[in-house]
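Peer 1: Have a look at this prediction, sequence included:
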Amino acid sequence: MTGNEIKNKVIKYLVLLIISGAVLCTGYVMIVLNVSYSKGERIGYVQKFSEKGWLCKTWEGELQMLPIPGALPEKFSFSVRDKTVIGQINSSLGKKVALSYQQHKGVPSTCFGESEYFAVNVRPLD
């Protein structure tokens, strides 16, 4: 083998390694964002909801959950990726709501949301 043949093989392996790494990382992100670890519902009042970020704009909110008598109020931080849910939350600000969420553990960046809890539905309660 000549020096050029070895050099070409090394370049091919490096390119293959880089492409494989990119595919694996993309696959990981897709799995983490589409497979939920847990899901549930919380009831309370959305007290804060805003679009945040310098480069990666995300919608972040806080739900003031209704306390049990004698207990301190608890805040539930969540992120929203779906534009329909963003509209639902904006139209129900100041009202008692039931917020359905999914928990996604291991999200690699805050570009997808600052919280691991993602709101998937909001319905006003009377």
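Peer 2: In hand now; what should we look at? Numbering: from 1, shown residues only.
Peer 1: Am I right that Gly44 sits in a helix?
Peer 2: No - looking at Gly44 with DSSP: H, G, I helix; E, B strand; the rest coil, it is strand, so not inside a helix.
Peer 1: where's it relative to Leu63, distance?
Peer 2: 5 Å (Cβ to Cβ, to the nearest Å). All C-beta spots, glycine's among them, are computed from the backbone N, C-alpha and C.
Peer 1: So which bits of the lowest-mean-pLDDT helix or strand in the chain are buried?
Peer 2: Least confident element among the helices and strands of the chain, by mean pLDDT, DSSP states H and E: helix 3-34 (a mean of 88). Counting neighbours by 16 or more other Cβ atoms under 10 Å, one finds that the buried residues in helix 3-34 are 29, 32-33.
Peer 1: hmm, back to that, who touches both of Gly44 and Leu63?
Peer 2: Taking Cβ atoms under 8 Å, 6 or more residues apart in numbering as the contact rule, Gly44 and Leu63 both touch 76, 97, 99.
Peer 1: If you rank those by neighbours, which is first?
Peer 2: When neighbours are counted by other Cβ atoms under 10 Å, Leu99 leads the shared contacts of Gly44 and Leu63 with 26 neighbours.
Peer 1: tell me the domain boundaries of this structure?
Peer 2: 1-35, 36-124 (automatic domain parsing).
Peer 1: Could you single out the most deeply buried of these?
Peer 2: Highest mean neighbour count among the domains of the chain (mean count of other Cβ atoms under 10 Å): domain 36-124, with a mean of 15.
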